[in-house]
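A.B. asks: Structure, please.
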Amino acid sequence: MKTMTRRAPGSREEDAWLSDEQLAQCVAADETDAYGLPIPTRIVSNGEYMPPPQSAEQKRVEARTLELADGAAKKLGLSRRQFLAGTGGTAAALLAMNEVFGRFFDVTPIEMFESAAWAATGAPSNLFVFDDQTHTVRGSMPGPAALRAVAQGPTTPGFTANPFNPDGLLDELGRPWSPWSPTLVGAPVGPDLFHVGNYIKNMFLDPAARRGEPAATEEHSRLNGRRDPHGRADRGRA
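C.D. replies: Presented below is the predicted three-dimensional model:
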């Protein structure tokens, strides 16, 4: 029998979907990297699934990255950790992945030693990167409406309760079923809502015409900042 005890507010464990037994088998991802690698060499879970063991290929990438880093750091008069923290370390990791999985990344060995070489083929230094995660679902599957109901809240047509919260547990806002965005309140839910074409339209076409629109409500923004005041990005498990 799987159990989920009450967990400390604001902790990694609070938001995890893993049982106590599963969590006992895991270690925080930022506590498992003994080398300071620039790119993880194993799959890290966000708490929604059990992370798989490190594969043989991932072990080879890790070993080769460290081998390249040792050689380059020695030539540059740096410690291995210092080298891995710079652009040369990232170049070494990408080279290692190319060797193990086949060439995919456009990187050359000189980039381990010359930051100018890295900059010459890399992204502009002033490039703004907005890193986000989204989900799309197969339109023919029977469950997408329930996923929409979780986000839309009590105004979702055909739903009288949160389909993923049958016990009425309170969320971060102190309610059992808060809408994720005020723009969803009262919105219709038609058969074309989950078509991949609609996903592309919403994600890549419509936002260009809505520049300046806030990405979240002020209420959600305040709570998110309070729950993770340090802006940590490594809240996974390995």
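A.B. asks: Please identify the buried residues of the longest helix along the chain?
C.D. replies: In the chain, assigned by DSSP state H, the helix with the most residues is helix 56-76. By neighbour count on 16 or more other CB atoms under 10 Å, the buried set for helix 56-76 is Gln58, Arg60, Val61, Glu62, Arg64, Thr65, Leu66, Leu68, Ala69, Ala72, Ala73. For every residue, glycine as well, the C-beta is placed using N, CA and C.
A.B. asks: Let's have the residues you listed in TSV, adding distance to Pro179 and pLDDT.
C.D. replies: Below are these laid out as TSV (distance: CB to CB, whole Å; pLDDT from 0 to 100):
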residue	distance to Pro179	pLDDT
Gln58	40	98
Arg60	47	98
Val61	42	98
Glu62	43	98
Arg64	48	98
Thr65	44	98
Leu66	48	98
Leu68	49	99
Ala69	48	98
Ala72	51	98
Ala73	52	98
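A.B. asks: other SSEs contacting the longest helix of the chain?
C.D. replies: helix 80-84, helix 87-101 (3 or more CB pairs under 8 Å, 6 or more residues apart in numbering; DSSP states H and E).
A.B. asks: Which element, helix or strand, includes the residue most central in space within the chain?
C.D. replies: Geometric centre of the chain, nearest residue: Gln133, 6.3 Å, by CA atoms, centre = their mean. Secondary structure from DSSP states H and E places Gln133 outside every helix and strand.
A.B. asks: for Ala8, what are its contacts?
C.D. replies: Going by CB atoms under 8 Å, 6 or more residues apart in numbering, Ala8 touches Glu14.
A.B. asks: How far off centre is stretch 91-101?
C.D. replies: The chain centroid and the centroid of stretch 91-101 are separated by 22 Å, computed with CA atoms, centre = their mean, to the nearest Å.
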